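Engineer: pasted the sequence and its predicted model underneath.
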Number of protein chains: 2
Amino acid sequence: MHVNQTAQYALRVLMEMAKTPSGTVARAQDLSRTTGVPAAYLSKILRRLAKDGILEARKGHGGGFSLTRRLERIRLMDVLAAVGGALERDQCIFGIGRCDARDPCPLHHSWSGLNDAFHSWSRRTTLRDLQGTALRRRRARHRALPRARAGRGARPW
Amino acid sequence: MHVNQTAQYALRVLMEMAKTPSGTVARAQDLSRTTGVPAAYLSKILRRLAKDGILEARKGHGGGFSLTRRLERIRLMDVLAAVGGALERDQCIFGIGRCDARDPCPLHHSWSGLNDAFHSWSRRTTLRDLQGTALRRRRARHRALPRARAGRGARPW
DNA sequence: CTGTCAATGGACTCAATTGTCCGCTATCTT
DNA sequence: AAGATAGCGGACAATTGAGTCCATTGACAG
């Protein structure tokens, strides 16, 4: 079970952009340095995100990419859809074409449970939720605490 | 979120073999027809399953493949491991190397929850469980709509 | 207007996965 | 023993995702 590399890159970059104030313009080259995503490839990913309206692109001097909306309005699902990552919903794990609740393959029910969990999670979780977890975690580590619960916010399902 | 093609093929074929009495020997060529998996490639997959002790292979006239143990003793996890499919556990969804419970990426907790769910599911579920679902479903459909199915019972993959 | 900067998009390379081909070997039948 | 059958395994082809390269386009500064 895995999510493709491109989607991982996209999420990493967006979380990087989320660190700066809303509307901040960042160059692809800089984002490449801070995230470690190969520059030329990152450029492509950013364009796809721009095409889907998640980012705004500005050419020329002083140009770059910026988020078009607030973090709580960008769902993981939107990101995955933009980069074509991991959202083939009706695809059953057997790879059978006609497989739904009425004509299920043997794995259908077991698998679709997991699949539904993933989808509703990606639909419910926004970049803001992720930012929240990251911040809480960082602070917790600073206080040198034992483990704290991940908290309400971004629950897997 | 997806599982690779080879693993899908392996599961389809094993479920096909599960339809016949224990110990029945099936030829790769026939399994290819009934499952729709390309013959030459299926042959490779079957060999990998044999190498991992899930199938027994017999050469020559009257030869073929048969299941080595009862369905309830073959876990999905075993199958996935045999074909190298989808079991990279510690990989975080951001693709970041240093990412564990102590230094988690923003998605770590959400994702590892899903990942754990997948693993325990694949460890818990056996071919027998899948067969159970398939049978229940088939009987239910028969009772509901007693119309004959096309292609003498074979599922049109 | 011109030079510079940064995104754009197409063509290309690279690697892994998927899939094919074919000679070889083991086994069964006659 | 001979022939047919079916798995074995290595070499190879095709496809796809990942990643690079470069000429072009649009925007800003002087």
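Structural biologist: In hand now; what should we look at?
Engineer: where does chain A dip in pLDDT?
Structural biologist: By pLDDT under 70, the low-scoring segments of chain A are A:85-103, A:133-138, A:140-157.
Engineer: what parts of it come near DNA strand D?
Structural biologist: A:4-6, A:9, A:38-41, A:43-44, A:58-63 (C-beta under 7 Å from any atom of the strand). Where you see a C-beta, it was placed from the backbone N, CA and C, and this is true even at glycine.
Engineer: so what's the closest residue in space to A:T24 that isn't next to it in sequence up against?
Structural biologist: For A:T24, ignoring the flanking residues on the chain, the nearest one in space by C-beta to C-beta, 6 or more residues apart in numbering or on different chains is A:S66 at 6.1 Å. Contact partners of A:S66, counting by C-beta atoms under 8 Å, 6 or more residues apart in numbering or on different chains, are A:17, A:23-26, A:55-56, A:58.
Engineer: does DNA strand C have contacts with stretch A:41-51?
Structural biologist: Yes. Counting by C-beta under 7 Å from any atom of the strand, contacts between stretch A:41-51 and DNA strand C involve A:43-44, A:46-47, A:50-51.
Engineer: surely A:T34 touches A:E16?
Structural biologist: Yes. Look at A:T34 against A:E16 with C-beta atoms under 8 Å: they come within range, at 5.4 Å.
Engineer: more neighbours: which of those two?
Structural biologist: Between A:T34 and A:E16, A:E16 has the larger neighbour count (other C-beta atoms under 10 Å in any protein chain shown), namely 16 against 13.
Engineer: quick one: the more buried one from B:T125, how far?
Structural biologist: Using C-beta to C-beta, to the nearest Å, we find A:E16 at a distance of 38 Å from B:T125.
Engineer: again, but for A:L11
Structural biologist: 29 Å.
Engineer: neighbour count winner among these two?
Structural biologist: For A:L11 and B:T125, the more surrounded residue by other C-beta under 10 Å is A:L11, and the numbers stand at 25 against 17.
Engineer: I'd assumed A:L76 was in contact with that one.
Structural biologist: Yes. If you go by C-beta under 8 Å, A:L11 and A:L76 touch, sitting 7.4 Å apart.
Engineer: give me the common contacts of those two.
Structural biologist: Common neighbours of A:L11 and A:L76 (C-beta under 8 Å, 6+ apart) are A:L130.
Engineer: any part of the helix or strand hosting A:S66 near DNA strand C?
Structural biologist: Using DSSP states H and E, A:S66 falls within strand A:64-67. Yes. Residues of strand A:64-67 contacting DNA strand C under C-beta under 7 Å from any atom of the strand: A:64-65.
Engineer: so which bits of that strand are buried?
Structural biologist: Neighbour counts over strand A:64-67 (16 or more other C-beta atoms under 10 Å in any protein chain shown) mark A:64-67 as buried.
Engineer: top of the residues of stretch A:41-51 next to DNA strand C by neighbour count?
Structural biologist: Counting by other C-beta under 10 Å, top hit in the residues of stretch A:41-51 next to DNA strand C: A:L46 with 26 neighbours.
Engineer: A:A57: which element?
Structural biologist: Going by DSSP H and E, A:A57 is in strand A:55-58.
Engineer: so A:R69, which of the three states?
Structural biologist: coil (DSSP: H, G, I helix; E, B strand; the rest coil).
Engineer: what about the closest residue in space to it that isn't next to it in sequence, distance to A:R73?
Structural biologist: Excluding the flanking residues, the one nearest A:R69 by C-beta to C-beta, 6+ apart is A:I54, at 7.9 Å. Separation of A:I54 from A:R73 (C-beta to C-beta): 10 Å.
Engineer: those two: which is more packed in?
Structural biologist: Counted by other C-beta under 10 Å, A:I54 and A:R73 do not tie: A:I54 has more neighbours, with 24 against 13.
Engineer: I'd guessed that one sits against A:L71; true?
Structural biologist: No. Using C-beta under 8 Å as the test, A:I54 is too far from A:L71 to be in contact (11.1 Å).
Engineer: start to end distance for stretch A:56-67?
Structural biologist: 6 Å (C-alpha to C-alpha, to the nearest Å).
Engineer: quick check: the residue of chain A nearest DNA strand C.
Structural biologist: In chain A, the residue that lies nearest DNA strand C is A:A57 (3.2 Å; C-beta to the nearest atom of the strand).
Engineer: was I right about that residue contacting A:G63?
Structural biologist: Yes. Counting by C-beta under 8 Å, A:G63 is a contact partner of A:A57 at 7.5 Å.
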